[in-house]
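**Q** quick one, structure for this:
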Amino acid sequence: MAVGRSLSEVGRSLMWTDLRAFMGSLGSESNFWRKVAPEAAEKATRKKELMRVENQLLMSLHDALWDIAYAQAGSEDRLPRLLSTLIDGAGGGDSPRRVSEAESRDVAASMRRERGDQ
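**A** Residues are numbered from 1 along each chain as shown. Okay, here's the model as predicted:
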């Protein structure tokens, strides 16, 4: 393997605790989480997109324009902030759910079957 680490290193130069620490530090939009928990990875990707500065500025501008429109109409009502509405719709949290060891073994076995390693 030219770049990165290989699972064959586990038990030799890479300890299981190192592997666990690496897996815990993966971003929630990583390919690993896309395979293990695709719905959580999709929500994290959407939230990351919403949190870009350009998108936040556009949403703030949207909210300000609506606030002005409501004020000119003499209404005390206010729309909920667009960013918070979209984040709630994206699922809120950005960490994937905790995966049990049995689920991780099942995923590992299915990945081996897909590659034809069994």
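
**Q** so where's the protein uncertain?
**A** For the chain, applying pLDDT under 70 flags the ranges 1-5, 89-105, 107-109, 111-112, 115, 117-118.

**Q** residue 74 belongs to a strand?
**A** No: read with DSSP: H, G, I helix; E, B strand; the rest coil, residue 74 is coil and lies in no strand.

**Q** could you say which helix or strand contains the residue nearest in space to the middle of the chain?
**A** Centroid-nearest residue in the chain, with C-alpha atoms, centre = their mean: residue 44, separated by 2.3 Å. Assigned by DSSP states H and E, residue 44 belongs to helix 38-50.

**Q** just checking, what packs against that helix?
**A** For helix 38-50, the elements it packs on are helix 31-36, helix 82-89, judged by 3 or more C-beta pairs under 8 Å, 6 or more residues apart in numbering; DSSP states H and E. Using the backbone N, CA and C atoms, a C-beta is placed for each residue, glycine as well.

**Q** quick one: contacts for the residue of the chain most remote from its centre?
**A** Distance from the centre of the chain peaks at residue 74, with 40.9 Å (C-alpha atoms, centre = their mean). Listed by C-beta atoms under 8 Å, 6 or more residues apart in numbering, the contact set of residue 74 is empty.

**Q** tell me the contacts of residue 8?
**A** With contact set as C-beta under 8 Å, 6+ apart, residue 8 has no partners.

**Q** so it sits in a helix?
**A** Yes: the assignment for residue 8 is a helix, going by three-state DSSP.

**Q** and it, how far from residue 30?
**A** Using C-beta to C-beta, to the nearest Å, residue 8 is found at 21 Å from residue 30.

**Q** to what extent is residue 42 buried, counted in neighbours?
**A** Neighbourhood size, residue 42 [other C-beta atoms under 10 Å]: 16.

**Q** separation between it and residue 36?
**A** Using C-beta to C-beta, residue 42 is found at 13 Å from residue 36.

**Q** how far off centre is the helix or strand containing residue 19?
**A** Assessed by DSSP H and E, residue 19 sits inside helix 16-25. Here the centre of helix 16-25 is set off from its chain's centre by 18 Å, with C-alpha atoms, centre = their mean, to the nearest Å.
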